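1. Predicted model and sequence below, questions to follow.
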Amino acid sequence: MSFSIVQVVFILFTSLTFSKPNVIANTSNWLNEACNENNVKSVIDPNLCLKIVKSQDKIVASTNPIDKSVMIIESGISNGTNTRTYIENLMKKRYLDPNLKGVLRECKSSYGSAIWSLHSALLEVKDGDYLAPSYDLLIASTDNIDRCRNAVASRKIKDATILIGNKVLPMFGFIGFNIVIHLRQDPIN
């Protein structure tokens with residue numbers, strides 16, 4: 001699914017305007033809330049989102065929303081890095097289909113951009129800034145990763161690892177996005 005800058009701004013605006021303060025930061029059900037926010041339900045599968053995040057014991061066990069957001073962003077970075085490394089290893093193969101070679105180059109670049117955006121968001125959250133990371137997390141989950149998704153779709157590439165990475169990385173970005181939006185409205189000190 002591809003997003004225009006107008007759609008990204010709309011998601012950001014509606015999240016800031018209509019989201020409920022304290023929902024994520026002050027409930028024990030924060031994972032369900034983060035995976036089921038109206039601003040991303042059409043983009044990610046809430047059930048898969050919950051399954052992936054709840055499979056990470058450190059995230060589930062944490063009681064501090066800031067720590068949770070850091071762990072989620074770090075998980076997105078880890079997932080993106082693993083997928084990018086897989087892509088780089090595929091690129092080293094001696095005989096590659098020319099269609100696949102071009103897709104792999106685009107995906108390597110796409111994941112590099114997404115990882116950079118996630119790193120930027122991570123540093124901002126660790127510094128107590130909850131405004132800037134919302135943009136970085138949204139861009140990592142949309143524009144950055146969409147370049148790979150579009151390349152894969154246009155060439156009908158069926159590589160399971162890349163297809164899964166293209167679903168999972170945006171989930172971490174969108175969950176992180178929802179949490180920092182709520183942290184900005186109700187900072188925890």
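-> That came in fine, so what should we check first?
2. Which parts of stretch 117-126 count as buried, going by neighbours?
-> Neighbour-count burial for stretch 117-126, counted by 16 or more other Cβ atoms under 10 Å, picks out 117-122, 124-125. C-beta: built from backbone N, CA, C; applies to glycine.
3. Return the subset of those residues lying in strands.
-> The strands, defined by DSSP state E, take in nothing from the buried residues of stretch 117-126.
4. For Gly76, give me its contacts.
-> 118, 140, 169, 172-173, 176 (Cβ atoms under 8 Å, 6 or more residues apart in numbering).
5. of all these, which two lie farthest apart?
-> Spatial extent of the contacts of Gly76 (Cβ to Cβ) is set by the pair Leu169 and Gly176 at 10.9 Å.
6. between the contacts of Gly76, which is nearest Arg155?
-> Nearest to Arg155 among the contacts of Gly76, with distances taken as Cβ to Cβ, is Leu169, at 19.5 Å.
7. Please name the nearest non-neighbouring residue to Glu88.
-> Spatial nearest neighbour of Glu88, excluding adjacent residues (Cβ to Cβ, 6 or more residues apart in numbering): Lys108 at 6.3 Å.
8. Distance of the one you found relative to Thr83?
-> 10 Å (Cβ to Cβ, to the nearest Å).
9. again, but for Ser141
-> Taken as Cβ to Cβ, the span from Ser141 to Thr83 is 14 Å.
10. which neighbours do those two share?
-> Counting by Cβ under 8 Å, 6+ apart, the residues touching both Ser141 and Thr83 are Leu169.
11. Between the two, which has more neighbouring residues?
-> Taking other Cβ atoms under 10 Å, Ser141 and Thr83 do not tie; Ser141 has more neighbours (29 against 25).
12. Helix, strand or coil: sort out the more buried one for me.
-> helix (DSSP: H, G, I helix; E, B strand; the rest coil).
13. Would you check that it makes contact with Asn178?
-> No - taking Cβ atoms under 8 Å as the definition, Ser141 is not a contact partner of Asn178, at 10.8 Å.
14. can you give me the helices in the chain?
-> With DSSP state H, the ranges of helices along the chain come out as 5-18, 30-36, 46-54, 57-61, 65-91, 98-126, 132-139, 145-154, 160-185.
15. okay, now Leu169: neighbour count?
-> 30.
16. what about the closest residue to it other than its chain neighbours, distance to Ser113?
-> Among residues not flanking Leu169 along the chain, Gly80 sits closest, at 4.9 Å (Cβ to Cβ, 6+ apart). Per Cβ to Cβ, Gly80 is found 10 Å from Ser113.
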